[in-house]
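Novice: for reference, the sequence and a predicted model appear below.
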Amino acid sequence: MTRTFRHAEVSRRALLAGMAGSAAFLALPSALLARSAPANPTFRHGVASGDPDATSVVLWTRVSAGAAAEGTWELSATPGFAQVLRLGAFSTDAGRDHTVKVLAGDLAPGGTYYYRFRLGGATSAVGRARTLPRGKLDRLGIALMSCSNYAFGLFNAYDAIARDADVDFVLHTGDYIYEYGGKDGWGADVARTIGRTHDPLHEIVSLADYRARHAQYKTDAGSQAMHANHTLLACWDDHESANNPWTGGAQNHQPATEGDWAARRAASIQAYYEWMPVREPAWLPAKGRTRMQFWRGYSFGDLALLHTLETRHSARARQIEYLDHAEGITDQASADRFRKEVLGAPGRPILSAELEADLEAALSRSVKDGQPWRIIGCPMVIARVDVPDVAKLGIVPDPFAKLAAAKSKDELAKLAADPAVSLAWRGRFNLPDYTDAWGGYPWARERLYDLSRRAGAGDLVFLSGDSHSFWANRLADDAGRSAGIEFGTAGISSPGDFVDSGFGDATVRALDKAYAEHIPEVAWTDDRHQGYVRVEFGREQGMATFVAVDTVLSPDYRTLVLRRVPFARRNGGVEIGA
């Protein structure tokens, strides 16, 4: 039986529409669950569903109570609950921060359900949940989102996703919360202006801190609407714990003042599992897993596999910092040695052996079963984003006379604090933009590409976050063979790095243009907007629609389509373009 998630099938003409060169405003339906719901003092953090399989889905809420509580949950085929299909009891207490998480099972594949929670005389908002389809499937629509920073603005893009009728599931690739302090932390000046200062005011370190930060993010109206209307697929990135973590620490963790890293990481992971609609390890088919081993495989009928990655806590080697090596990089030859011997040193992993084994098995099954699409939910951009010589191109001033005159690492650090200087230095030697992304781990990236080829799946579609920019990328391995394509999303509210660095609009536009014209793997990029990417998959063609919001500083916003990028299966692989 053919299952589709909407009555209108996407036509071939729509899927093959050419790239739109200019922005267009997007009309979205206004009817949705939860957005207009009155304040609910008992269930003030809303409801959510997530981590589905074909016959079950996680349902979530939180009870705003100071004591232990017991209530019920209900599930129906209609939002009016004319017939209750499932009814269960829940209990919660301070040991799990009064959150509620249940696994609703024995459901129909590809089903749409409505759920709510009851406690005493109080009833939660109604949420909508979906199970994964089995059998024939002709279309799938995924909203790709990342980097939601409460301090930088309202989650208007979440609200737009809630209203987007072409979205079947939502994929959040990480930085769902940020750990920074509210007084002097990143975005604090904006937060004070718009009244969204982080809670607690200090950088979060303890379990109580992480719980409070998750609670604050769940009060955003756009967040509540998105979660109520769509079932969540998720992976985490770094800021759910601390900036740039690796197995032994994090860039934004100072043991002398913030204690043991393992304890802080455990607290962040516990709070994440309490506050997110994700399966506990006991609910997974693979037994013996830990919460830290947070990766998933989702099969969408005979159409697609989506597999998420865990790239921060289970295997990652410590990242390379440019400043530690800058004095030794004086010409192209020394830069090339650094790229090969330091960045490219063998044995610097990102993915764990267990994840690699699960991924290779899932990709092999997908190929054997004839699914046309293999999608990777990726926390970071995987394309080779080697900075072009932006000083030579006249986009930023040439800083090399000042850099050559620097007599110490401290002097270099002061100069490198200027974003234009840092960017120009990387561009002079054509080095990766960031060393905490896949560009800083080329051995690990090639290992992933080799794994996909062994599975017969050198045609991956990466859906990536982290960078605060929109991307359409063509991927290749070290031998120049196609490794698939990538669509990356800007932040829900986090600003683009060029914008946040203080570059003017003309400079940002010039940098976007230079990246697309001078980086072989980049087909198009935009650093100027916040928003999300709607990626629609048909049987042989697809369309990535880059949707921006015109403001995150006010709830009165409009959406605009920056670009539509068609893609298709062709010549045994997948390619961008009609």
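Specialist: It's in.

Novice: what bits of this structure have low per-residue confidence?
Specialist: Filtered on pLDDT under 70, the chain yields the residue ranges 1-38, 578.

Novice: nearest the geometric middle of it, what residue?
Specialist: residue 173 (1.9 Å; C-alpha atoms, centre = their mean).

Novice: show me what secondary structure element comes after the host helix or strand of residue 71.
Specialist: According to DSSP states H and E, residue 71 maps onto strand 69-76. The element immediately downstream of strand 69-76 (helix or strand, assigned by DSSP H and E) is strand 84-92.

Novice: so how far is residue 427 from the residue nearest to residue 409 when sequence neighbours are not counted?
Specialist: Excluding its sequence neighbours, the residue lying closest to residue 409 (C-beta to C-beta, 6 or more residues apart in numbering) is residue 327, at 6.3 Å. Heads up, the C-betas are built off the backbone N, CA and C, glycines and all. Counting by C-beta to C-beta, to the nearest Å, the gap from residue 327 to residue 427 is 18 Å.

Novice: one step back: name the SS class of the residue nearest to residue 409, please.
Specialist: Three-state assignment for residue 327 (DSSP: H, G, I helix; E, B strand; the rest coil): helix.

Novice: residue 375: what secondary structure?
Specialist: Applying three-state DSSP to residue 375 yields a three-state assignment of strand.

Novice: what residues are up against it?
Specialist: 142, 304, 305, 306, 307, 460, 461, 462, 463, 537 (C-beta atoms under 8 Å, 6 or more residues apart in numbering).

Novice: of those residues, which is the most crowded?
Specialist: Neighbour counts for the contacts of residue 375 peak at residue 537, which has 28 neighbours (criterion: other C-beta atoms under 10 Å).

Novice: skip ahead from the longest strand along the chain and say which helix or strand is next.
Specialist: The strand that spans the most residues within the chain, counting by DSSP state E, is strand 559-570. Moving toward the C-terminus from strand 559-570, the next helix or strand (DSSP H and E) is strand 573-576.

Novice: please point out which parts of stretch 157-174 sit buried.
Specialist: Using 16 or more other C-beta atoms under 10 Å as the test for burial, stretch 157-174 gives 157-164, 166-174.

Novice: all strands for the stretch 251-400 of the chain, in order.
Specialist: With strands called from DSSP state E, counting those that start in this stretch, the stretch 251-400 of the chain shows them at 297-300, 304-308, 373-378.

Novice: distance to residue 486 for those strands - can I get that in a markdown table?
Specialist: Output for these, formatted as a markdown table (distance: least, C-beta to C-beta, whole Å):
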| stretch | distance to residue 486 |
| --- | --- |
| strand 297-300 | 19 |
| strand 304-308 | 14 |
| strand 373-378 | 8 |
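
Novice: how close does residue 395 sit to residue 406?
Specialist: From residue 395 to residue 406 the distance is 22 Å (C-beta to C-beta).

Novice: who has more neighbours out of the two?
Specialist: Regarding residue 395 and residue 406, a neighbour count based on other C-beta under 10 Å identifies residue 395 as having more, with 22 against 16.

Novice: the more buried one is in contact with residue 507, isn't it?
Specialist: Yes - Residue 395 lies in contact with residue 507 (C-beta atoms under 8 Å); the separation is 6.3 Å.

Novice: circling back: name the residue in residue 327 and residue 427 with the higher neighbour count.
Specialist: Under the criterion of other C-beta under 10 Å, the comparison of residue 327 against residue 427 puts residue 427 first, with 23 against 11.

Novice: can you report how many residues neighbour residue 392?
Specialist: Using other C-beta under 10 Å, residue 392 has 12 other residues around it.

Novice: could you measure from it over to residue 404?
Specialist: For residue 392, the distance to residue 404 - C-beta to C-beta - is 16 Å.

Novice: and what of residue 129?
Specialist: Distance from residue 129 to residue 404, by C-beta to C-beta: 60 Å.

Novice: equivalent analysis for residue 164, please.
Specialist: 52 Å.

Novice: give me the domain ranges for the protein.
Specialist: Following automatic domain parsing, the chain resolves into domains at 1-9+41-136, 137-576.

Novice: coming back round to it: just checking: what are the partner strands of the longest strand of the chain?
Specialist: Strand 559-570 has the following strand partners under DSSP bridges: strand 24-25 (antiparallel), strand 541-549 (antiparallel), strand 573-576 (antiparallel).

Novice: right, so of these, which gets closest to residue 59?
Specialist: Smallest distance to residue 59 across the strands paired with strand 559-570 (C-beta to C-beta): 27.5 Å, for strand 541-549.

Novice: what's the distance between the closest residue to residue 385 other than its chain neighbours and residue 319?
Specialist: Nearest residue to residue 385 in three dimensions, chain neighbours excluded: residue 433, at 4.7 Å (C-beta to C-beta, 6+ apart). The gap separating residue 433 from residue 319 is 13 Å, by C-beta to C-beta.

Novice: same deal with residue 576?
Specialist: 29 Å.

Novice: what's the answer for residue 216, then?
Specialist: With C-beta to C-beta as the criterion, residue 216 and residue 319 are 29 Å apart.

Novice: could you point out the longest helix of the protein?
Specialist: Longest helix in the chain, counting residues (DSSP state H): helix 353-369.

Novice: distance from the chain centre to it, please.
Specialist: Helix 353-369 sits 21 Å away from the centroid of its parent chain (C-alpha atoms, centre = their mean, to the nearest Å).

Novice: still on that earlier bit, count the neighbours of the nearest residue to the residue nearest to the centre of the chain once chain neighbours are set aside for me.
Specialist: What sits nearest to residue 173 in space, not counting adjacent residues and going by C-beta to C-beta, 6+ apart, is residue 465, at 3.4 Å. Residue 465: 29 surrounding residues under other C-beta under 10 Å.

Novice: could you pull up phi and psi at residue 465?
Specialist: Backbone torsions of residue 465, given as degrees, to the nearest 10, read phi -130, psi -150.

Novice: likewise for residue 225?
Specialist: Residue torsions, per degrees, to the nearest 10, at residue 225 are phi -70, psi -40.

Novice: span of stretch 142-149 from start to end?
Specialist: 21 Å (C-alpha to C-alpha, to the nearest Å).

Novice: actually stretch 482-493, not the one I typed
Specialist: 33 Å.

Novice: for stretch 77-86, which positions count as buried?
Specialist: 81, 85, 86.

Novice: and for stretch 244-258?
Specialist: 244, 245, 246, 247, 249, 250, 252, 253, 258.

Novice: which of these sits closest to residue 475?
Specialist: Residue 475 lies nearest to residue 244 out of the buried residues of stretch 244-258, by C-beta to C-beta, at 23.4 Å.

Novice: residues near residue 201, how many?
Specialist: By other C-beta under 10 Å, the residues close to residue 201 number 12.

Novice: give me the neighbour count for the nearest residue to it once chain neighbours are set aside.
Specialist: Leaving aside its sequence neighbours, residue 201 sits nearest to residue 182 (C-beta to C-beta, 6+ apart; 4.3 Å). Neighbour count of residue 182, defined by other C-beta under 10 Å: 22.
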